[in-house]
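A.B. asks: Only the shape, not the letters, is given here:
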DNA sequence: CGTTGGATTGATATCTGTCAAGCCCGGTGG
DNA sequence: CCACCGGGCTTGACAGATATCAATCCAACG
């Protein structure tokens, strides 16, 4: 857990107009005027060091967050120290909707890497929702996305064997990269094996073996965190259980 | 799938005042005046025969439902015919919040038994929310409950072994019975082994063996659908992974 | 009563977790 | 620049858990 110097990001530096993620993030669907309003409402961009927390379970909700760079995992932990990772959030993803119903976060959010997030305070968010009807709809849709994402994960954990789970995950990550304008066939995994194994409900060793097996089957080529999908057809076939094309978030 | 005559339930028969479930259902927290308003907004009480559907995934949301008698399961199904059961809803539970974010249901809802539900149309519900601030809060809290419930299930499927999963389920069901004023030590399971096994992500045979094992260990006594909890302490200990006392819905 | 579908039990195969060893790479200090 | 860590990752061997297949069993119901 060391400190890596991050690009300086002061309040004045916030600019949704220039942000390359604007098509994925809150600005989506807003016109220039609305965008100005949003931009002036963003409180600040904050830096989170690897392994630090953005929020904890039970914390009062102070803001909605948008990931600008890095990666965040959300998880539940049990009294006896075990955890279940619930999701991975990447640049362009919005975070914090889990607290919407109770004003308190239902899970922990920890940085997998040094991370930069934009913060929109709840006050400003509420005000914005008052002014911009489109924002209200986006709020509800985000909660819906959250629920659907969790339901898909339930299906994955409850019905699939380990190889299928990994195939489903890789297929989904590939879709997300495509949405972001990156390669859908070659990308880096944003998380360590340990975290991915936990998310997929299996032992690290099993995950490693499944990576190897997919590689033997010439479906992917993997080297540490770099994954190349060599046979998208067979990958998707393995992930056949998946209900719908892809959800917005892993 | 046969037809069993259900108690006749016409519009005029709706009465939240007399309903034994009022402490668990929408009326909770409402005063007499508000209750009158709610009661007059309930459109009707509808009967659903065993194995019939209350709604399907993708259906437009028409109403919020409250279970009066019987039981409903919600599930996701895959193109290749497999399903993952997401939850079981019992008398007093509210159903339909899954569609809140998109106006479309995210899962199927099927009756496990002949079932009676009260229907509150979305129009009436929205109007009621306008008049009664307390209802607005209840709506958001319901969505939150839904999310937390699914997160708990993810933890169960992802981290526990089969015996612990069953222990967690039984412990949770016991709590719910207590909330309803029924015995927390002895109750009937509302679902078949097949459905419970699916919900808990295991084979029917494994579930059956785990029932037998818990019985051998003198933690429970089980005879078909009747379960007696003989050693609540050890049951809860087995379910130790559980984060919080109990959620409102299984 | 006989039928039927759900539930249990047993035998076995398969999958997955666990333990242990080794590998690889990046970081550190000489 | 190189040798030496140390952590994450992979691999192998094995044990244990769970699924599968098959045979009853049992209760509900006609």
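C.D. replies: Noted; the coordinates are in hand. Quantities reported herein were computed from a predicted structural model and do not represent experimental measurements.

A.B. asks: Every contact and neighbour count from this point should use C-alpha atoms.
C.D. replies: Fine.

A.B. asks: for chain A, what spans make up the helices?
C.D. replies: A:32-41, A:122-131, A:133-159, A:162-179, A:193-199, A:204-216, A:232-238 (DSSP state H).

A.B. asks: now those helices in CSV, with distance to chain B and mean neighbour count?
C.D. replies: Formatted as CSV, the helices of chain A follow (distance: least, CA to the nearest CA, whole Å; neighbours: other CA atoms under 10 Å in any protein chain shown):
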stretch, distance to chain B, mean neighbour count
helix A:32-41, 22, 16
helix A:122-131, 15, 15
helix A:133-159, 4, 21
helix A:162-179, 12, 21
helix A:193-199, 7, 20
helix A:204-216, 13, 16
helix A:232-238, 11, 17
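
A.B. asks: quick one: which of those helices is nearest residue B:74?
C.D. replies: helix A:133-159 (10.9 Å; CA to CA).

A.B. asks: what angle sits between the closest one and helix A:32-41?
C.D. replies: Counting by axes from the mean of the first three to the mean of the last three CA atoms, to 10 degrees, helix A:133-159 lies at 70 degrees to helix A:32-41.

A.B. asks: can you tell me which of the helices of chain A comes nearest to residue B:191?
C.D. replies: Nearest to residue B:191, of the helices of chain A and by CA to CA, is helix A:133-159 at 17.7 Å.

A.B. asks: name the helices or strands packed onto that closest one?
C.D. replies: The helices and strands touching helix A:133-159, judged by 3 or more CA pairs under 8 Å, 6 or more residues apart in numbering or on different chains; DSSP states H and E, are helix A:122-131, helix A:162-179, strand B:83-89, helix B:133-159.

A.B. asks: Serialize the ones you listed to CSV and add fields for mean pLDDT and distance to DNA strand D.
C.D. replies: Compiled in CSV, these are given as follows (pLDDT from 0 to 100; distance: least, CA to the nearest atom of the strand, whole Å):
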stretch, mean pLDDT, distance to DNA strand D
helix A:122-131, 85, 35
helix A:162-179, 95, 11
strand B:83-89, 96, 13
helix B:133-159, 88, 10
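
A.B. asks: Format those as TSV; extra columns: distance to residue B:54.
C.D. replies: TSV is the format used below for those (distance: least, CA to CA, whole Å):
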stretch	distance to residue B:54
helix A:122-131	33
helix A:162-179	30
strand B:83-89	12
helix B:133-159	18
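
A.B. asks: For residue B:68, find the nearest of these.
C.D. replies: strand B:83-89 (10.4 Å).

A.B. asks: in the closest one, what counts as buried?
C.D. replies: B:83-89 (16 or more other CA atoms under 10 Å in any protein chain shown).

A.B. asks: What angle do helix B:133-159 and that strand make with each other?
C.D. replies: In terms of direction (the same axes, to 10 degrees), strand B:83-89 departs from helix B:133-159 by 140 degrees.

A.B. asks: Strand B:83-89 vs DNA strand C: in contact?
C.D. replies: No. Contact of strand B:83-89 with DNA strand C (CA under 7 Å from any atom of the strand) is absent, the minimum separation being 14.7 Å.

A.B. asks: Identify all contacting residues around that strand.
C.D. replies: With contact meaning CA atoms under 8 Å, 6 or more residues apart in numbering or on different chains, strand B:83-89 is reached by A:151, A:154-155, A:158-159, B:67, B:71-77, B:95, B:150, B:195, B:198-199, B:249-250.

A.B. asks: before we move on, back to that, kindly reformat the buried residues of strand B:83-89 as JSON lines containing distance to residue B:169.
C.D. replies: Converted to JSON lines, these look like this (distance: CA to CA, whole Å):
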{"residue": "B:83", "distance to residue B:169": "19"}
{"residue": "B:84", "distance to residue B:169": "16"}
{"residue": "B:85", "distance to residue B:169": "14"}
{"residue": "B:86", "distance to residue B:169": "13"}
{"residue": "B:87", "distance to residue B:169": "11"}
{"residue": "B:88", "distance to residue B:169": "11"}
{"residue": "B:89", "distance to residue B:169": "14"}
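
A.B. asks: From residue A:72, how far out is the nearest residue to residue A:183 once chain neighbours are set aside?
C.D. replies: Using CA to CA, 6 or more residues apart in numbering or on different chains and skipping residues adjacent in sequence, the residue nearest residue A:183 is residue A:177, 6.2 Å away. Using CA to CA, to the nearest Å, one gets 16 Å for the distance from residue A:177 to residue A:72.

A.B. asks: Check residue A:33 too.
C.D. replies: 31 Å.

A.B. asks: Kindly report the same for residue A:65.
C.D. replies: From residue A:65 to residue A:72 the distance is 11 Å (CA to CA).

A.B. asks: Those two: who's more crowded?
C.D. replies: Using other CA atoms under 10 Å in any protein chain shown, the more surrounded residue of residue A:65 and residue A:72 is residue A:72, with 32 against 23.

A.B. asks: Tell me which residues touch the more buried one, please.
C.D. replies: Residue A:72 neighbours (CA under 8 Å, 6+ apart): A:88-90, A:109-113, A:115.

A.B. asks: try residue A:76
C.D. replies: Residue A:76 neighbours (CA under 8 Å, 6+ apart): A:57, A:83-86, A:106-108, B:151, B:155.

A.B. asks: try residue A:198
C.D. replies: Counted by CA under 8 Å, 6+ apart, residue A:198 has contacts A:83-85, A:204, B:158.

A.B. asks: where does chain A have low pLDDT?
C.D. replies: Counting by pLDDT under 70, chain A contains low-confidence residues at A:1-14, A:241-250.

A.B. asks: how does it look with 50?
C.D. replies: Filtered on pLDDT under 50, chain A yields the residue ranges A:1-12, A:244-249.

A.B. asks: can you list the domains in it?
C.D. replies: Annotated domains of chain A cover A:11-155, A:160-238 [automatic domain parsing].

A.B. asks: Mind checking these for the one nearest to residue B:122?
C.D. replies: Set against residue B:122 and scored by CA to CA, the domains of chain A come closest in domain A:11-155, at 15.6 Å.

A.B. asks: Please state the offset of the closest one from the chain centre?
C.D. replies: Chain-centre distance of domain A:11-155: 9 Å, with CA atoms, centre = their mean, to the nearest Å.

A.B. asks: Could you give the bridge partners of the residue nearest the centre of chain A?
C.D. replies: Nearest residue to the geometric centre of chain A (CA atoms, centre = their mean): residue A:89, 1.6 Å. Residue A:89 forms beta bridges with residue A:72, as assigned by DSSP bridges.

A.B. asks: so how far is residue B:124 from it?
C.D. replies: 37 Å.

A.B. asks: Residue numbers of chain A in contact with DNA strand C?
C.D. replies: Counting by CA under 7 Å from any atom of the strand, chain A sits next to DNA strand C at A:161-163, A:201-207.

A.B. asks: please redo it, this time with the cut-off set to 6 Å
C.D. replies: Applying CA under 6 Å from any atom of the strand, one finds that chain A approaches DNA strand C through A:161-162, A:201-203, A:205-206.

A.B. asks: Rebuild the residues you listed as CSV, extending it with distance to residue B:190.
C.D. replies: Shown next, in CSV, are the residues of chain A next to DNA strand C (distance: CA to CA, whole Å):
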residue, distance to residue B:190
A:161, 28
A:162, 31
A:201, 28
A:202, 31
A:203, 34
A:205, 39
A:206, 36
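
A.B. asks: In those, find the pair that's most separated.
C.D. replies: Using CA to CA, the two most remote members of the residues of chain A next to DNA strand C are A:161 and A:205, lying 14.7 Å apart.

A.B. asks: sorry, back to before: and of the residues of chain A next to DNA strand C, the nearest to residue B:131?
C.D. replies: Using CA to CA, residue A:201 comes nearest to residue B:131 of the residues of chain A next to DNA strand C, at 45.4 Å.

A.B. asks: Once you drop chain neighbours, what's closest to the closest one?
C.D. replies: Closest to residue A:201 by CA to CA, 6+ apart is residue B:158, at 4.3 Å.
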